[in-house]
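Trainee: Predicted model and sequence follow; I will ask about them next.
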Amino acid sequence: MLQSILKSTGVFMLIVIGFILILFLPREKEVTFLSAFQIEADYPFSFELYLERIEDFTDHILTEKGLGEARTGRPVSEEAGIFVARSLKIVLPAFIFSMLLGTLMGAVQFHRRTKFTGKLQNFLSWMFSSIPDFFLFIAIQYLFILMMQHGLPHFKLYGHENWYSFLLPLISLSLFPFLHMSRFTSAALENEMGEEYVRTAYAKGLGDFKALLHMLWNCWSPMMNQAQMVMLYILSSLPIIEKLAGYNGAGKELLFSISSNDEIKALSLMLPFLFIMFLTIILSQTAKLWLVQKERV
Amino acid sequence: MEMRLLSWINKHALFCLGTFLLLLLLAITFAGPYLPFVDRELTTITYILNEDKKPVIPPYPPSEDYIFGTDKSGRDLLSLIILGAKETILLVACITVLRYVLAIPLSFLAHKKWLGTHLLLKWLNGLLSYIPTIIIVMLLAMLPPFLLSECRPLFLLLIIALAEMPRAAEMIKLEFDQISSKEYINGGIAAGSSPYRLFRIYYLPLLYSKLLVYMVTDLGKVMFLLGQLGFIGIFISQDFVQSMTGDWQLVNNSISWPMMMIKAFEDIRGPIWIPFFSAFSMTYAILTFNIFAEGLKSFFTRKVRYI
């Protein structure tokens, strides 16, 4: 238990270092004024410059005892906190929603797998999971705009100020992980069908529902492994969806800070994301150990 | 005869649907430009007069004249999408092929644990399971040596292909691991085959069908990634030109689908049909690839089962 947590922590540290190394590759522009009418812009790229930038960064961390101040004058960490809190309002519900409801939906789908409705559900969930989230988001926006032109009461589709602003991004972000979870659960349950204990459960006279519970309990291990994938998917799509929605969260700011070469800010926004991934992995591993006492061979 | 055909279609329904959609996509891509309603010249419109004789400037929303509407310089969006299909599909196919050309040897080396390749692969996959692909591609694509290079499109192709290459390699490595436990591999080793010969004659032929399925699935994934990159403003066919002020600017000279999303964040608040229809065509392509991949998968498994 402790060993696996320590190992994950080690991997996490290595990945943070790897990310910093990629982030600080030299990419800044150097403008030289040759005369009033002649300017040269150049992007120098050498190993010495790379070393220098990394040294600058470590110096910066050591002297500021943290990430220092942003261009606005406030501490970077404080600013990042605001954006991350805003994003968490989308990320956490999306994660919980897709994990819990996805599992439930998968169980339902498995239960009805031989009926026509089950097959239809299977096909539809498979079909909808092929739809990219950005298209879903634009399509919903377009639909609302057209409906507003035909008399739907007007409300704000963009921004982050309204209490309902996080709903549209949340829906478009959750759809794929939710369907993935549901399909995965139903496939995992199907795998269990051949096991001896299922026959025993039925032979003892337990109903479908009780047997399903037995089977679900045995599926925790592969299902918990999906938590990481679900979280990664949500975090990968978050920046684009936030940008499309004009939702001023950490994802949108991260894109902006990377494209404007503000490495410190990019790091301050990326670290929480990496940490969320780390937490997801640790929590799902712990939950797995706690739920599944013995690993089946 | 008819009955047999029908029952065959019934048995491979998904495969047939996928093939049909794929043929339709290819027909649009290659024969589409010669359709009568496609404006091959992509004529621009400066303005048109409305009923009150007042000039209205483009973009125009979808109407009877322009089914998909027009873009900001008045070009018919439907024609743009049909003409841009060839470039888009070609890019996606190139990236996928490149990815697998690199992934297959790497996965075999990792399977053989040659010079720590398996550790490298594991580390790369660990990194990618933490950091979203799109962030990595964005960080690498903006690096000066690639940004300023003459063959920037080639570098970008390579970066995007490499970005998810470890994932593909890991999948193939698992297949290699599985095959290596089979009895006939021992036969090959006993017969004195070199590792290369083992790879080519004993391993690869068993993988062709699976590789095909993986590759078609990856076509959809690459298309999705290209779409995401389009929103950020990273495209493959872009020229980098130094402007008067000494700044470098990216200049667009391509009509591929992701390119239409370059102004998506402004367009979505106004002419939303421009990003909508380009995203729509991408969705159609992704759906086609996924259905075809799934169809291929069931086609191959059934074939094996009935021998």
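Mentor: That came through, no problem. Residues are numbered from 1 along each chain as shown, chains lettered A, B, ... in the order given.
Trainee: quick one: A:Arg27 from A:Ser268, how far?
Mentor: For A:Arg27, the distance to A:Ser268 equals 18 Å [Cβ to Cβ, to the nearest Å]. All C-beta spots, glycine's among them, are computed from the backbone N, C-alpha and C.
Trainee: out of these two, which sits in the busier spot?
Mentor: A:Ser268 (27 against 18; other Cβ atoms under 10 Å in any protein chain shown).
Trainee: OK, contacts around the closest residue to the more buried one other than its chain neighbours?
Mentor: Leaving aside its sequence neighbours, A:Ser268 sits nearest to A:Ala80 (Cβ to Cβ, 6 or more residues apart in numbering or on different chains; 4.1 Å). Taking Cβ atoms under 8 Å, 6 or more residues apart in numbering or on different chains, we find A:Ala80 in contact with A:67, A:250, A:265, A:268-269, A:272.
Trainee: any idea which of those is the one closest to chain B?
Mentor: Taking Cβ to the nearest Cβ as the measure, chain B sits nearest to A:Leu269 out of the contacts of A:Ala80, at 10.4 Å.
Trainee: The closest one: neighbouring residues, count only.
Mentor: Using other Cβ under 10 Å, the number of residues around A:Leu269 comes to 27.
Trainee: Skip the chain neighbours and tell me the closest residue to it.
Mentor: A:Leu254 (4.4 Å).
Trainee: got the buried residues for the strand or helix carrying the one you found?
Mentor: Element membership for A:Leu254 (DSSP states H and E) is helix A:250-259. The neighbour-count check on helix A:250-259 (16 or more other Cβ atoms under 10 Å in any protein chain shown) flags A:250-258 as buried.
Trainee: still on that earlier bit, got a pLDDT number for the residue nearest to A:Leu269?
Mentor: In this model, A:Leu254 is scored at 88, pLDDT.
Trainee: so it touches A:Ile240, yeah?
Mentor: No. A:Leu254 is not in contact with A:Ile240 according to Cβ atoms under 8 Å; the separation is 11.0 Å.
Trainee: Pull the contacting residues for residue 138.
Mentor: Went with chain A since none was named. Going by Cβ under 8 Å, 6+ apart, A:Ile138 touches A:244, B:264, B:268, B:272, B:275-276, B:279.
Trainee: meant chain B actually
Mentor: Residues counted as contacts of B:Met138 (Cβ under 8 Å, 6+ apart) are A:255, A:258-259, B:229, B:232, B:234.
Trainee: Look at residue 86 and say how many residues are nearby.
Mentor: No chain specified, so I'll use chain A. A:Arg86, neighbours per other Cβ under 10 Å, totals 21.
Trainee: I was thinking of chain B, sorry if that wasn't clear
Mentor: B:Lys86: 16 neighbours (other Cβ under 10 Å).
Trainee: now it, nearest residue through space, not along the chain?
Mentor: Closest to B:Lys86 by Cβ to Cβ, 6+ apart is B:Thr29, at 5.2 Å.
Trainee: next one: A:Tyr247
Mentor: Nearest one to A:Tyr247, counting by Cβ to Cβ, 6+ apart, is A:His160 at 4.5 Å.
Trainee: returning to that earlier point: residues in contact with the helix holding A:Leu254: which ones?
Mentor: A:80, A:83-84, A:86-87, A:235, A:238-243, A:263, A:265-266, A:269-270, A:272-273, B:135, B:138-139, B:142, B:232-233.
Trainee: So which residues on the stretch 101-250 of chain B come close to chain A?
Mentor: Proximity of the stretch 101-250 of chain B to chain A, by Cβ under 8 Å from any Cβ of the partner chain, involves residues B:123, B:126-127, B:129-136, B:138-140, B:142-145, B:147-148, B:220, B:224, B:227-228, B:231-233, B:242, B:245-248.
Trainee: now the residue sitting furthest away from the middle of chain B, what's its secondary structure?
Mentor: Most distant from the centre of chain B: B:Asp52, at 46.2 Å, with distances by Cα atoms, centre = their mean. With DSSP: H, G, I helix; E, B strand; the rest coil as the basis, B:Asp52 sits in coil.
Trainee: Can you give me the distance of it to chain A?
Mentor: 21 Å (Cβ to the nearest Cβ, to the nearest Å).
Trainee: Can you check what pLDDT the model gives that residue?
Mentor: On pLDDT, B:Asp52 comes in at 75.
Trainee: now do the one 5 residues further on
Mentor: Reading off the confidence values, B:Ile57 has pLDDT 73.
Trainee: If anything else comes up later, I'll come back, but that's it for now.
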